[in-house]
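In: quick one: sequence and predicted model below, then my questions.
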Amino acid sequence: MKVAVVGTGYVGLVTGTCFAETGNTVTCIDIDEKKVESLNNGKITIYEPGLEALFERNIKQNRLHFTTDLKEGIEGAKVIFLALPTPPGEDGSADLKYILKVADDLGPLLKDYAVIVDKSTVPVGTAEKVTAKIKQNAKVDFDVVSNPEFLREGVAVEDFMKPDRVVVGTRSEKAKKIMDMLYAPLVRQGNPVIYMDEKSAELTKYAANSFLATKITFMNEIANMCELLGADVDAVRKGVGTDTRIGKRFLFAGIGYGGSCFPKDVQALAKSAQEVNYDFDILNAVMNVNDKQKTKLIPQIKNYFAGDLKGKTIALWGLSFKPYTDDIREAPALYNIDELVKAGAKVQAYDPEAMENVKGQIGDKIVYCDDQYSALENADALLIATEWPVFRTPDFDRVHSALKNKVIFDGRNLYNPDDMGELGFAYYSIGRTTING
Ligand SMILES: NC(=O)C1=CN([C@@H]2O[C@H](COP(=O)(O)OP(=O)(O)OC[C@H]3O[C@@H](n4cnc5c(N)ncnc54)[C@H](O)[C@@H]3O)[C@@H](O)[C@H]2O)C=CC1
Ligand SMILES: O=C(O)[C@H]1O[C@H](OP(=O)(O)OP(=O)(O)OC[C@H]2O[C@@H](n3ccc(=O)[nH]c3=O)[C@H](O)[C@@H]2O)[C@H](O)[C@@H](O)[C@@H]1O
């Protein structure tokens with residue numbers, strides 16, 4: 001099948017590459033000329049494990065193409081995905097300007113029936129809006145389908161190729177048949193394509209992300225209680241997670257959720273609720289708790305240094321919002337950097353993949369180090385913000401001898417507190433015993 005993907009970012013590039021891998025001929029379209037030039041030169045534009053090999057293979061086999069020209073890109077396409085940004089607008093609601101602009105552009109360009117697919121995360125009613133926009137100028141029949149994406153960055157290829165489920169919102173039998181054909185290779189192992197109306201599909205995406213953000217936040221509050229009551233959040237996590245009604249995943253306490261989606265989608269759902277005069281109280285609490293949680297270790301760091309961080313150097317391990325990605329959108333690390341620098345500290349950071357992106361965003365506000373140990377040179381303390389595997393079993397002797405004060409503030413609960421005590425560290429983590437050193 002011929003497929004077009006408009007917007008070649010995280011979701012668009014993964015969608016395009018994976019559908020090429022299942023035999024379709026795919027053209028990805030983007031307005032970012034530099035991005036398209038790089039992709040056309042065979043240079044992948046995002047770090048995503050496993051994607052590069054598929055990208056290279058499908059380019060070589062002539063199934064994957066890139067262009068900045070929408071008209072050329074959608075030529076002959078039976079399915080046109082919209083994988084465009086939906087950032088928060090000034091009031092927190094999802095800004096649909098990118099989607100509606102492309103919908104406007106698409107109308108006059110359609111030559112034959114096509115299924116236009118909203119892959120972006122969009123509020124309820126967007127499929128209707130996109131339909132109306134395209135209809136203004138379209139001379140042919142078309143359907144607009146909502147097909148939200150549930151992939152996680154860092155495991156995007158696996159999530160895309162073996163989805164738990166695929167949600168498709170459409171009431172058109174014609175569109176349904178085409179979507180069935182496209183997704184058949186991905187749901188072969190028995191995970192379903194769930195069909196529903198467009199509005200329910202749109203809401204499903206916000207419900208899923210908001211529920212997961214709530215689950216994490218609930219555990220973060222339990223962790224905060226653990227600290228006050230002398231309990232251990234890891235034990236509690238195991239104790240509750242083995243109940244299959246609760247499930248083991250997304251119960252890890254830490255310095256809050258970040259990323260390009262949970263923060264914006266929780267906010268957008270809260271805004272949608274407001275628009276229909278509904279007080280979605282839980283979501284407001286989730287946002288408030290997460291805001292506080294991100295910098296939860298800062299008062300403890302300040303306290304350790306008797307309230308004064310002026311002239312102190314803090315080593316920071318991890319900048320991306322989670323491991324296996326170079327994405328720094330809403331990364332808790334950035335909020336901690338702000339607080340530390342504001343308090344007069346110098347930050348020396350290392351991240352396996354995200355340093356270029358951070359440099360692009362905050363420049364020389366911090367020092368960028370070649371590896372995790374250089375970040376410790378002359379540092380007064382170590383703060384861990386992202387659970388990259390390389391931080392899990394470091395050479396603790398090296399860490400110990402490099403740090404001026406033998407203290408670790410661990411925002412991702414990487415180590416066992418007792419072990420840290422035995423190794424001679426003071427150790428602060430989330431929802432567990434503090435080792436005062
Ligand atoms: N990043 C993720 O893990 C996930 C994101 N989503 C949703 O998918 C959507 C896209 O997200 P990302 O891929 O992360 O965004 P992104 O920002 O990485 O990529 C969007 C791309 O669209 C391009 N673009 C903007 N206007 C355009 C136009 N008129 N024509 C062609 N291209 C245009 C941009 O240049 C950019 O390359 C959002 O709604 C997001 O909420 C959903 C699931 C997962
Ligand atoms: O809509 C989206 O963009 C995507 O958002 C999330 O995926 P992603 O943001 O890539 O990453 P997650 O693995 O969900 O992690 C999000 C944040 O939650 C944090 N987290 C996650 C799990 C956990 O137990 N504890 C926890 O603090 C992570 O550190 C990270 O900051 C969802 O998991 C995807 O299903 C969804 O498609």
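Out: Perfect, thanks for sending it. Ligands and ions are numbered 1, 2, ... in the order given.

In: what about stretch 195-204 and ligand 2, touching?
Out: No - if you take Cβ under 6 Å from any ligand atom as the test, stretch 195-204 misses ligand 2, and the best it gets is 11.4 Å. Every residue, glycine included, has its C-beta placed from N, CA and C.

In: which residues sit against that stretch?
Out: Here stretch 195-204 makes contact (Cβ atoms under 8 Å, 6 or more residues apart in numbering) with 118, 122-128, 144-148, 167-171, 176.

In: what's the answer for stretch 236-249, then?
Out: The set of residues that contact stretch 236-249 without belonging to it, under Cβ under 8 Å, 6+ apart, is 219, 222, 226, 251-253, 431.

In: at 7 Å instead, please
Out: When contacts are taken as Cβ atoms under 7 Å, 6 or more residues apart in numbering, the neighbours of stretch 236-249 outside the stretch itself are 219, 222, 226, 251.

In: between the residues you listed, which is nearest residue 155?
Out: Minimum separation from residue 155 among the contacts of stretch 236-249 (Cβ to Cβ) is found for residue 251, which lies at 17.6 Å.

In: helices - which of the contacts of stretch 195-204 land there?
Out: Within the contacts of stretch 195-204, residues falling in helices by DSSP state H are 126-128, 176.

In: out of the residues you listed, which are buried?
Out: Under a neighbour-count criterion of 16 or more other Cβ atoms under 10 Å, the subset of the ones in helices among the contacts of stretch 195-204 counted as buried comprises 126-127, 176.

In: and those residues near ligand 2, which?
Out: By Cβ under 6 Å from any ligand atom, no member of these lies near ligand 2.

In: could you export those residues as JSON lines, including pLDDT and distance to residue 59?
Out: Below are these laid out as JSON lines (pLDDT from 0 to 100; distance: Cβ to Cβ, whole Å):
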{"residue": "126", "pLDDT": "97", "distance to residue 59": "32"}
{"residue": "127", "pLDDT": "98", "distance to residue 59": "32"}
{"residue": "176", "pLDDT": "98", "distance to residue 59": "31"}
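
In: between these, which is nearest ligand 1?
Out: Closest approach to ligand 1 among these (Cβ to the nearest ligand atom): residue 126, at 10.2 Å.

In: please identify the buried residues of stretch 166-184?
Out: By neighbour count, with 16+ other Cβ under 10 Å as the criterion, the buried positions of stretch 166-184 are 166-170, 172, 175-176, 178-179, 182-183.

In: what about residue 247, neighbour count?
Out: Taking other Cβ atoms under 10 Å as the neighbour definition, residue 247 ends up with a count of 12.

In: so it, which state does it fall into?
Out: Following DSSP: H, G, I helix; E, B strand; the rest coil, the label given to residue 247 is coil.

In: could you pull out the strands for the protein?
Out: 2-6, 25-29, 64-67, 79-82, 114-118, 142-146, 166-169, 193-196, 313-317, 346-350, 367-368, 381-384, 407-410, 426-428 (DSSP state E).

In: could you export these as a markdown table, including mean pLDDT?
Out: Below are those laid out as a markdown table (pLDDT from 0 to 100):
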| stretch | mean pLDDT |
| --- | --- |
| strand 2-6 | 98 |
| strand 25-29 | 98 |
| strand 64-67 | 98 |
| strand 79-82 | 98 |
| strand 114-118 | 98 |
| strand 142-146 | 98 |
| strand 166-169 | 98 |
| strand 193-196 | 97 |
| strand 313-317 | 98 |
| strand 346-350 | 98 |
| strand 367-368 | 98 |
| strand 381-384 | 98 |
| strand 407-410 | 98 |
| strand 426-428 | 98 |
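
In: redo those as TSV? Include distance to residue 236.
Out: Written out in TSV, the entries for the strands of the chain read as follows (distance: least, Cβ to Cβ, whole Å):
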stretch	distance to residue 236
strand 2-6	43
strand 25-29	45
strand 64-67	46
strand 79-82	41
strand 114-118	39
strand 142-146	38
strand 166-169	32
strand 193-196	33
strand 313-317	26
strand 346-350	31
strand 367-368	37
strand 381-384	21
strand 407-410	18
strand 426-428	18
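
In: out of the buried residues of stretch 166-184, the closest to residue 75 would be?
Out: Where these are concerned, and distances follow Cβ to Cβ, residue 75 has its nearest neighbour in residue 178, at 17.2 Å.

In: who's the closest residue in space to the closest one that isn't next to it in sequence bridged to?
Out: If the residues on either side of it in the chain are set aside, residue 178 comes closest to residue 115, at 5.2 Å by Cβ to Cβ, 6 or more residues apart in numbering. Counting by DSSP bridges, residue 115 is bridged to residue 79, residue 143.

In: okay but residue 115 is in contact with residue 143, surely?
Out: Yes - shown here, residue 115 and residue 143 form a contact pair, counting by Cβ atoms under 7 Å, at 5.2 Å.

In: check contacts around residue 208.
Out: Neighbouring residues of residue 208 by Cβ under 7 Å, 6+ apart: residue 150.

In: cool, and residue 25?
Out: Residues near residue 25 by Cβ under 7 Å, 6+ apart: 2, 63.

In: which residues does it bridge with?
Out: Judged by DSSP bridges, the bridge partners of residue 25 are residue 2.

In: and it, how far from residue 84?
Out: Between residue 25 and residue 84 the distance is 21 Å, computed by Cβ to Cβ, to the nearest Å.

In: what's the answer for residue 203, then?
Out: Distance from residue 203 to residue 84, counting by Cβ to Cβ: 19 Å.

In: looking at those two, which is more packed in?
Out: residue 84 (25 against 19).

In: the more buried one and residue 238, how far apart?
Out: From residue 84 over to residue 238 the distance is 41 Å, taken as Cβ to Cβ.

In: give the contact list for the residue of the stretch 151-300 of the chain found nearest ligand 1.
Out: Going by Cβ to the nearest ligand atom, ligand 1 is nearest to residue 153 of the stretch 151-300 of the chain, at 4.5 Å. Residues touching residue 153, when contacts are defined by Cβ under 7 Å, 6+ apart, comprise 10, 48, 325, 327.

In: model confidence for it, exactly?
Out: As summarised for this prediction, residue 153 has a pLDDT of 89.

In: correct me, but residue 64 touches residue 16?
Out: Yes - when contacts are counted by Cβ under 7 Å, residue 64 is listed as touching residue 16 (6.5 Å).

In: check contacts around the residue of the stretch 301-437 of the chain found nearest ligand 1.
Out: Across the stretch 301-437 of the chain, no residue is closer to ligand 1 than residue 327, which sits at 7.2 Å (Cβ to the nearest ligand atom). The neighbourhood of residue 327, defined by Cβ under 7 Å, 6+ apart, consists of 153, 259-260, 320-321.

In: can you name the residues of the chain that neighbour ligand 1?
Out: Neighbours of ligand 1 within the chain, by Cβ under 6 Å from any ligand atom: 6-12, 29-32, 35, 83-86, 98, 101-102, 120-121, 149, 151, 153, 260-261.
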